[in-house]
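In: Provided below for reference: sequence and predicted model.
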Amino acid sequence: MIFAGYLIRFLWGGSYSLLGSTAGIVARGLEPDVVTAPPKQFAAFCGLLFSMAATIGMFTGPFYVGPFFLFALAGAAGLFGFVNFCVGCWILTEIMIPLGMVSKKRISDCIVCVEDTRQKAEDKFYNKRWNEGPHHKFEGYVAPTFPEGRPLKHKYTDKTEHQREDSWHLIKQCQVAYVLPGLCWAAVGANFKALYYADLIPEQYPWILLTIVGVSFFGCWGLLYLLKCFMYPRRVLKDFDHKVNRYMFAGIPIALLLFGFAAQKEQDDIAEALFWLGSMSNLVLTFWLLTRTFIHPVSSSEVNPSMMIPLLGNLLAAYSTEQWLDKKGFMDLAFFLFTPSFILWLLLAPGILLRLTDAPALAPKVRITVFSYVAAPALSAACYLILVKEMDIVFLGLFFFSVFAELLMVALFLTNYFKAPFEEGKWFSVFCLAAATFPLISFHVSRDTSFTYVWLMAHFAVVTGLALILSGHTLANILHQKWFRGYPKYGLSPLAFTRPTHDAFRTAGKKILDLVEKLQDDHFQNDEDRKECQNELVMMLEGYTTSLYVHSMYEDNVLFPTVDLYLPGRMKTAEMQHEQIHHDEEAIKAFLREIKGDITKGQGNTGKQKKATEEVKYEESKGLVAKSAKDESIEVKNSENSTSSSKDAIAQLVEILPRFIQGNNEHMRHEEDHISHVVKKLIPSKEQKSIARKCLRTGTAEQWRVLLPFIITHQDYHDRRVKILQAFRVAYPERMQLFGSWLYLGVEEILFQRLRADIPELAPRNTEGWYRLW
């Protein structure tokens, strides 16, 4: 276990190991202490060598070899824990680098940290709750009305004071996926029981204890979700309508089947009752989902591996009938549960595989359901063995296909395919790996070799260790109120970037008004500070006006005409607001051109004047020319005119900006109250994709090089940046590397690296993480 922990720390970092994740849970509320990575990685490599030597010495060498290396490892760990002295770091920095064994430049390059200009906002994202701001209260809100002036009584938007608020509620925010911890601990307990009855472990108390843990998790969740069904039935119906969550309801009968499996041979009456309840409810759920699919067909983009979960429940129900196969009718019931589910899995698996390998890539939250390719053939092999009683080519084919799928999951894990923030869906991997344990036990019993025994125990240790790590993360999320919390979310429709674009204008507008207030107060120590503030205002306004121009253009030419098809006349007020905004926008652009022209003229004249002055001085020194007073007065006059013109433009700009920003904020709120819900509720998803592609083709490439970094930079939360880019990926996957190149040149380096980690398709050609997409 120690060797495995050091191996994980050396290859992927300390947060992935059991001890590292436990330490992270304990220190969740503390500020992170950033240290240089290479010395710590070398120390982990030293620990890997010592733990490997201890493991080998325990089994092959003399009796004192293993304890010697373990004591040395414990002494080094004690020095670091109590004295904060890292032996591996000292060896690297004091011995290996002076001797030239390691390049000092390589270490120094790793020490240099790229600082983000939005560090405070990013620190809130890392270490604090998301609802701690910044929040902006938008003044001047106009009550929603119909085009003819009548008040609009029913709105589809929220009515909170601000739109960036999240809420923690034990019942209201209880998710159906929270059933997975109890289900998975029941699956691990079922593995312990199967090992016990196969005479592979001596004691039976582990599976009893783990089953009690699973029942506790499941009981707490069941009580909360039952209360949610009575108190918030509409939210439960939304879970049934969700394209992923509706398949997660199969976790309830699967948990009942596992509890019944644990009660077999101990409490047969309870086991049989739980079997009937779980198998029949899962069968009804399967028929309902199939019927729904026929009535409301799903597109190829909506196919996902979670569709296999109800089929896994039927296969598990067939496997649970092993004890009652001698009873009348149970053999037929087992075939009825096994055969249709197995055939449906064979039909569904190629379509899901095509969805997994097609662009755009599967969302990181759903990728963990790919483990169903491990569980489905494994449970099919186990069911086939108990029904046929023969380990023939069919069993071996299904079993080794599950082994191949498990190795593929390992390869995907090594390539960071499953890398995503911890969520409850991660538990699904534990259930799938636990399901693969059942046929592996039967295979070992038939072969009875040392290799199969080591294989089985290593597999089972991975399942148990993974369950322990996920339990720690789950308890930490519950204690720190990460679970049962409703975060502000944007849908992943192709048009999901429109609402965050409004938020970017609000955030940037607040900064612009702050700069305007500074200029109005005029509390600057010198002219350089004032010019710096003016230049910052000009840069902000250039990004704001360019982005607003493109945004208004695709609204006028694409969005508004489409909405007018569904609700004629709804666009009149928005179009009138656009006219006023465009009028102010043209005035602002004129002032900006005047200010930039003066700056450019001044910069250009400075160089020319310097050169001319040098020539005149040279000629005066030779007595060739004499400088007249008239020339000097003309130069001074031109300079004063340029300065006064620039000051007048700044003064007029400062006067018009508050009205312009306020009017745009009111216009955006009007759109959110009257237009956004039309797009969400009435326009089909395929047409939304077509509309989004037209929007993304509006404007020039030069304008989008300004707009995209502008809306990404001015988001209050990193999650919203990711949502914008995910919407782009849904609408225009073939342009993701182009979008990435614009962001690569337009945002801070640390921000781009965070975006690239969340959206790998962003990496431009010949940069870190790039790969060929087309």
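Out: All right, it came through fine.

In: Please make it C-alpha for all contacts and neighbour counts, starting now.
Out: Noted.

In: ok, for residue 362, nearest residue in space, not its chain neighbours?
Out: residue 356 (6.2 Å; CA to CA, 6 or more residues apart in numbering).

In: so when I look at that neighbour, I'm seeing a helix, right?
Out: Yes - looking at residue 356 with DSSP: H, G, I helix; E, B strand; the rest coil, it is inside a helix.

In: all helices for the stretch 351-500 of the chain, in order.
Out: Under the criterion DSSP state H, counting those that start in this stretch, the stretch 351-500 of the chain contains helices at 372-388, 393-414, 428-447, 450-479, 498-521.

In: taking the ones you listed together, which one is wrapped up most tightly?
Out: Burial of the helices of the stretch 351-500 of the chain is given as mean neighbour count (mean count of other CA atoms under 10 Å); helix 372-388 ranks first at a mean of 25.

In: Off-centre distance for it?
Out: Its chain's average C-alpha position is 33 Å from that of helix 372-388, according to CA atoms, centre = their mean, to the nearest Å.

In: so that helix versus helix 428-447, what angle?
Out: 40 degrees (axes from the mean of the first three to the mean of the last three CA atoms, to 10 degrees).

In: how about the CA coordinates for helix 372-388, as PDB?
Out: The C-alpha coordinates for helix 372-388 follow below in PDB (Å, rounded to 0.1, in the frame of the first residue of the first chain):
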ATOM      1  CA  SER A 372     -20.000   0.700 -17.800                       C
ATOM      2  CA  TYR A 373     -17.900  -1.000 -20.600                       C
ATOM      3  CA  VAL A 374     -16.300  -2.800 -17.700                       C
ATOM      4  CA  ALA A 375     -19.400  -3.700 -15.700                       C
ATOM      5  CA  ALA A 376     -21.700  -4.800 -18.500                       C
ATOM      6  CA  PRO A 377     -19.600  -7.700 -20.000                       C
ATOM      7  CA  ALA A 378     -18.400  -8.700 -16.500                       C
ATOM      8  CA  LEU A 379     -22.000  -9.100 -15.100                       C
ATOM      9  CA  SER A 380     -23.000 -10.800 -18.400                       C
ATOM     10  CA  ALA A 381     -20.200 -13.300 -17.900                       C
ATOM     11  CA  ALA A 382     -21.200 -13.900 -14.300                       C
ATOM     12  CA  CYS A 383     -24.900 -14.400 -15.300                       C
ATOM     13  CA  TYR A 384     -24.000 -16.700 -18.100                       C
ATOM     14  CA  LEU A 385     -21.900 -18.900 -15.800                       C
ATOM     15  CA  ILE A 386     -24.600 -19.400 -13.100                       C
ATOM     16  CA  LEU A 387     -27.200 -20.200 -15.800                       C
ATOM     17  CA  VAL A 388     -25.200 -22.500 -18.000                       C
END
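
In: got the contact list for that helix?
Out: Under the contact criterion CA atoms under 8 Å, 6 or more residues apart in numbering, helix 372-388 has outside partners 305-306, 308-309, 311-312, 315-316, 318-319, 322, 331, 334-335, 338, 342, 345, 349, 391, 394-396, 398-399, 401-403, 405-406, 431-433, 435-436, 438-439.

In: residue ranges with poor pLDDT in the stretch 501-650 of the chain?
Out: 525, 569-575, 577-578, 580, 591, 595-650 (pLDDT under 70).

In: Which parts of it are helices?
Out: Using DSSP H, counting those that start in this stretch, helices in the stretch 501-650 of the chain cover 527-554, 560-566, 572-622, 629-674.

In: relative to helix 450-479, how tilted is the helix or strand containing residue 191?
Out: Using DSSP states H and E, residue 191 sits in helix 180-197. Relative orientation of helix 180-197 versus helix 450-479 (the same axes, to 10 degrees): 150 degrees.

In: which helices and strands does helix 180-197 pack with?
Out: Contacts defined by 3 or more CA pairs under 8 Å, 6 or more residues apart in numbering; DSSP states H and E place helix 180-197 against helix 205-231, helix 251-263, helix 428-447, helix 450-479.

In: Could you dump those helices into JSON lines with mean pLDDT and distance to residue 237 added?
Out: Below are those laid out as JSON lines (pLDDT from 0 to 100; distance: least, CA to CA, whole Å):
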{"stretch": "helix 205-231", "mean pLDDT": "90", "distance to residue 237": "9"}
{"stretch": "helix 251-263", "mean pLDDT": "92", "distance to residue 237": "16"}
{"stretch": "helix 428-447", "mean pLDDT": "93", "distance to residue 237": "23"}
{"stretch": "helix 450-479", "mean pLDDT": "91", "distance to residue 237": "25"}
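
In: Tabulate those helices in TSV, adding columns for distance to residue 52.
Out: Shown next, in TSV, are the helices and strands packed on helix 180-197 (distance: least, CA to CA, whole Å):
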stretch	distance to residue 52
helix 205-231	28
helix 251-263	37
helix 428-447	26
helix 450-479	16
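
In: sec struct for residue 85, please.
Out: coil.

In: Quick check, it in contact with residue 79.
Out: Yes - Residue 85 lies in contact with residue 79 (CA atoms under 8 Å); the separation is 5.5 Å.

In: one step back: mind checking how far the residue nearest to residue 362 is from residue 417?
Out: Separation of residue 356 from residue 417 (CA to CA, to the nearest Å): 12 Å.

In: These two: who's more crowded?
Out: Applying other CA atoms under 10 Å to residue 356 and residue 417 shows that residue 356 carries more neighbours, namely 19 against 14.

In: Would you check how far apart the more buried one and residue 318 are?
Out: According to CA to CA, residue 356 stands 28 Å off from residue 318.

In: What of residue 179?
Out: Distance of residue 179 to residue 318, given as CA to CA: 22 Å.

In: Quick one: closest of the helices and strands packed on helix 180-197 to residue 676.
Out: Each of these has some distance to residue 676 by CA to CA; the shortest is helix 205-231, at 28.1 Å.

In: Could you tell me which residues within the closest one count as buried?
Out: Within helix 205-231, the residues that count as buried by 16 or more other CA atoms under 10 Å are 206-208, 210-215, 217-218, 221-222, 224-225, 228-229.

In: Perfect, that will be all.
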